[in-house]
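*Asks:* Sequence and predicted model, in that order:
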Amino acid sequence: MLLDLLRRTMRVGGLLASADRLRPGSFNLSGWSLQGLLLVVLLAASATTGPAFAVPSFAIQTGQPCAACHIGAFGPQLTPYGRDFKLHGYVASDGRDHGLPLALTTQSSFTHTLQPQPGGAAPGFRPNDNFAFDQLSLYYAGQIAPKLGAFIELNYDGVAQQAALNNVDIRYASEGELFGQDLLWGITANNNPTVQDPWNSTPAWGFPYNRSALAPTPTASVLVDGGLGQRVAGVGVYTLWNDLLYLESDVYRGLNAPTLRALGQVPGDGDQTAAFVPYGRVALIKEWGSKGHHAEIGAYALSANVVPGGDQTLGFGVRKTDVALDATYQFISDPSKVTSNRLSAHATYIHETAIMASGALALTGALQDHWLDTMRFDVSYSFAATVTPSAQYFRTTGTADANYWTTPNGSPNSDGMILEIAYVPWGKPDSPFQNMNVRLAVQYVNYFSFDGSYADASRNNHFYFSLWTAVKF
Amino acid sequence: MPIRLAVALAIFMGLLAAVPAATTITIIQRGLALDRASVSLATGDRLNFTNDDDVIHNIHVFGPGSEENLDLGLQKPGKLLTYKFDKAGAYRVRCNIHPSVKMSVTVK
């Protein structure tokens, strides 16, 4: 039903001539003139609708500018208040009736890779220098009932030409006391392990906050790093005690192929699982200096039996277990001003062990046991919630096995840096255009190694120019 | 006549001195936090709440009974909100927009 809504909405907006165009491979949206027209239509539509911020309906519900919840005045990087709002179930409100919390965002981009990609960057795109209408997203984001709120995102992917149900986090939150201290507790129903997490040091909302769909990406990634996103459904319970200790426990169940297809996913494109997937999370929090300093250190883990996508193991199952550490630090130069300068740093280290089913060994010739480590560290400094430069170092290393990884030399190793500068003119208390917000960003991705190769790594380096718009209906 | 007036004035001043004056305490709201986590008051005392932030706040007083509450409404930056605590009991004060902006009030 939600997908139908997206299709109808896009037809009304002139984006699609027929519903058939949403079928993968049946419609190539490669002409920039058409994409530019779509962008103009969306910008024009946004100018005639209600006030808007990062996830605009959240901002409207609370009467707060984007910068109150987001570092750099645009999502998804959260401030302490943004985390608080999320943990309390997306229900905090200014008490006024703002109608249904529906919102819309668009992303458009230009990608230039150092070397052209033979055969095209994606079906319907040129080998290099591609404009793209990356995403159109519709959101239900806000309060449903007292203590019950939701973040539900529906996407149209302009590169894959596919509509899909994206991230979902529906939560109920309440408060009490334990051992004489405040206790916040809640229940979350979501479809992507870590999407419910309030810190940007975990994968779902980690840096970079958008990236090119038309540039090469390394082959190997750990399961918790998006491998189960939108391919599972789960429920969990979380608690925050004394603003000090955060605990969470979830259990997910893999969605079957018909369900995945109905939700806009391509079953064989990623890891599939029919099993229950337990997920746990712990974090310690500390604030000091009149709320100027915020620190978090934590851990998270999950374990699942999956069948890797892309026929990687000829359909045999692999038991993957991810154990991760993460940390966040934020410095707010003046907590009384949402436009004050803010430093933000995140780190995560994920260790994965993968054990193949014994029956697969003879057929694939692969080793039974593999490990894969991912490490990321990013830092950003937001000037007046307007200009935000960021840098990240990332590295993935693991067991080399030519019969397991699909890389040229059987190595999963990649590392590199991402440099980005983002400009957000609005989303502040005194912004002249309260009905919309935009984020302009330039991102440069530099690989030191890529899929086990140092010599050819730089050919995958790329510039990504993006325009992100947000508006509330 | 002047003597009677002086006596009446003296009696009036004595009564004023005998009845404790209501106290008003100012709670500073800054950096999405109140500067006190709790406060004890006498019946009839008042709390003033400032908004020293650059975003809108709200003050909602819950108590003293579980069903009693009063939403003082939205509070723009710089605006002062005042509440008089007329009944003894335990109160909670919070901002509906910023859940962590909260304090407890005990009135005797």
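*Replies:* Nice, I can see it. This structure is a prediction, so every number in the text was calculated from the model and none was measured. Numbers count the residues shown, from 1 in each chain, chains lettered A, B, ... in the order given.
*Asks:* Kindly confirm my reading that A:Asn166 is in a helix.
*Replies:* No - under DSSP: H, G, I helix; E, B strand; the rest coil, A:Asn166 sits outside any helix and is assigned strand.
*Asks:* How about the contacts made by it?
*Replies:* Counting by C-beta atoms under 8 Å, 6 or more residues apart in numbering or on different chains, A:Asn166 makes contact with A:Ser137, A:Glu153, A:Leu154, A:Asn155, A:Gln230. C-beta coordinates here come from the backbone N, C-alpha and C atoms, glycine included.
*Asks:* which helices and strands does the helix or strand hosting the third one pack with?
*Replies:* It refers to A:Leu154. A:Leu154 belongs to strand A:148-157 when assigned by DSSP states H and E. In this structure, strand A:148-157 packs against helix A:2-12, strand A:130-145, strand A:162-178, with contacts taken as 3 or more C-beta pairs under 8 Å, 6 or more residues apart in numbering or on different chains; DSSP states H and E.
*Asks:* quick one, which of these is nearest to B:Leu9?
*Replies:* For the helices and strands packed on strand A:148-157, the distance to B:Leu9 is smallest for strand A:162-178, at 52.5 Å, taking C-beta to C-beta.
*Asks:* average pLDDT for the following helix or strand past the closest one?
*Replies:* For strand A:162-178, the succeeding helix or strand toward the C-terminus, using DSSP H and E, is strand A:181-190. Across strand A:181-190, pLDDT averages out at 97.
*Asks:* Each with direction, which strands does strand A:181-190 pair with?
*Replies:* Sheet pairing of strand A:181-190 (DSSP bridges) gives strand A:162-178 (antiparallel), strand A:232-241 (antiparallel).
*Asks:* For that strand, buried residues please.
*Replies:* Buried residues in strand A:181-190, counting neighbours by 16 or more other C-beta atoms under 10 Å in any protein chain shown, are found at A:Leu184, A:Trp185, A:Gly186, A:Thr188, A:Ala189, A:Asn190.
*Asks:* Out of those, flag the one nearest to chain B.
*Replies:* A:Leu184 (8.2 Å; C-beta to the nearest C-beta).
*Asks:* Tell me who's in contact with the closest one.
*Replies:* So A:Leu184 contacts A:Leu87, A:His88, A:Ala173, A:Ser174, A:Glu175, A:Thr239, A:Leu240, A:Trp241 (C-beta under 8 Å, 6+ apart).
*Asks:* And for residue 102, the neighbour number?
*Replies:* If you meant another chain, say so; for now it's chain A. A:Leu102 has 17 neighbours, counted by other C-beta atoms under 10 Å in any protein chain shown.
*Asks:* try chain B instead
*Replies:* For B:Lys102, the neighbour count with other C-beta under 10 Å is 17.
*Asks:* Looking at it now. What's its pLDDT?
*Replies:* So B:Lys102 comes in at 94 (pLDDT).
*Asks:* So in terms of bridging, what pairs with it?
*Replies:* With DSSP bridges as the rule, B:Lys102 is bridged to B:Arg94.
*Asks:* A:Gly365 touches A:Asn403, doesn't it?
*Replies:* Yes - applying C-beta atoms under 8 Å as the test, A:Gly365 and A:Asn403 come out as touching, 4.1 Å apart.
*Asks:* Please identify which of those two sits among more neighbours.
*Replies:* A:Asn403 (14 against 11).
*Asks:* Is it correct that that one is in contact with A:Thr364?
*Replies:* Yes - counting by C-beta under 8 Å, A:Asn403 touches A:Thr364, with 5.3 Å between them.
*Asks:* For chain B, give me its nearest residue in chain A.
*Replies:* For chain A, C-beta to the nearest C-beta, closest residue to chain B: A:Pro335, 3.0 Å.
*Asks:* quick one: contacts for A:Gln115?
*Replies:* A:Asn128, A:Arg459, A:Asn460.
*Asks:* most surrounded residue in these?
*Replies:* Comparing the contacts of A:Gln115 by number of neighbours (other C-beta under 10 Å), A:Asn460 comes first, having 22 neighbours.
*Asks:* host element of A:Pro118?
*Replies:* Secondary structure (DSSP H and E) places A:Pro118 outside all helices and strands.
*Asks:* Look at the residue nearest to A:Ser340 when sequence neighbours are not counted and tell me its secondary structure.
*Replies:* Nearest non-adjacent residue to A:Ser340, counting by C-beta to C-beta, 6 or more residues apart in numbering or on different chains: A:Asp334, 3.7 Å away. Secondary structure state of A:Asp334, per three-state DSSP, is coil.
*Asks:* Any idea how many residues pack against A:Asp334?
*Replies:* For A:Asp334, the neighbour count with other C-beta under 10 Å is 16.
*Asks:* what residues are up against it?
*Replies:* Counted by C-beta under 8 Å, 6+ apart, A:Asp334 has contacts A:Gly292, A:Ser340, B:Gly31.
*Asks:* Now flag whichever of the contacts of A:Gln115 is closest to A:Ala164.
*Replies:* A:Asn460 (25.9 Å).
*Asks:* And that closest one, how far from A:Asn409?
*Replies:* Here the criterion is C-beta to C-beta, to the nearest Å. By it, A:Asn460 lies 15 Å from A:Asn409.
*Asks:* before we move on, what about B:Asn58?
*Replies:* According to C-beta to C-beta, B:Asn58 stands 60 Å off from A:Asn409.
*Asks:* Where does B:Ser66 sit: helix, strand or coil?
*Replies:* B:Ser66 ends up coil, using three-state DSSP.
*Asks:* And for A:Lys86?
*Replies:* Applying three-state DSSP: A:Lys86 is helix.
*Asks:* quick one: contacts for it?
*Replies:* A:Leu78, A:Pro198.
*Asks:* In terms of helices and strands, where is the residue of chain A positioned farthest from its centre?
*Replies:* Taking C-alpha atoms, centre = their mean as the measure, the residue most remote from the mean C-alpha position of chain A is A:Ala362, 37.5 Å away. Under the criterion of DSSP H and E, A:Ala362 resides in helix A:358-364.
*Asks:* Give the other helices and strands that the following helix or strand past that helix contacts.
*Replies:* Tracing the chain C-terminally past helix A:358-364 and defining elements by DSSP H and E, one meets strand A:369-382 next. Secondary-structure packing of strand A:369-382 (3+ C-beta pairs under 8 Å, 6+ apart): strand A:342-356, strand A:387-398.
*Asks:* Residue ranges in chain B under the pLDDT threshold?
*Replies:* Applying pLDDT under 70 to chain B flags residues B:1-2, B:5, B:7-8, B:10-20.
*Asks:* Give me the spatial nearest neighbour of the closest residue to chain A within it, chain neighbours excluded.
*Replies:* Nearest to chain A, among the residues of chain B, is B:Gly31, at 3.0 Å (C-beta to the nearest C-beta). Spatial nearest neighbour of B:Gly31, excluding adjacent residues (C-beta to C-beta, 6+ apart): A:Pro335 at 3.0 Å.
*Asks:* That neighbour is in contact with B:Asp54, isn't it?
*Replies:* No - applying C-beta under 8 Å, one finds A:Pro335 not in contact with B:Asp54, separated by 10.5 Å.
*Asks:* who's more crowded, the two?
*Replies:* Neighbours of A:Pro335 and B:Asp54, each counted by other C-beta under 10 Å, are more numerous for A:Pro335; the result is 23 against 19.
*Asks:* Would you list the phi and psi of that one?
*Replies:* Note on A:Pro335: backbone dihedrals following degrees, to the nearest 10 are phi -60, psi -20.
*Asks:* Contacts only, for it.
*Replies:* So A:Pro335 contacts A:Ser290, A:Lys291, A:Gly292, B:Arg30, B:Gly31, B:Leu32, B:Ala33 (C-beta under 8 Å, 6+ apart).
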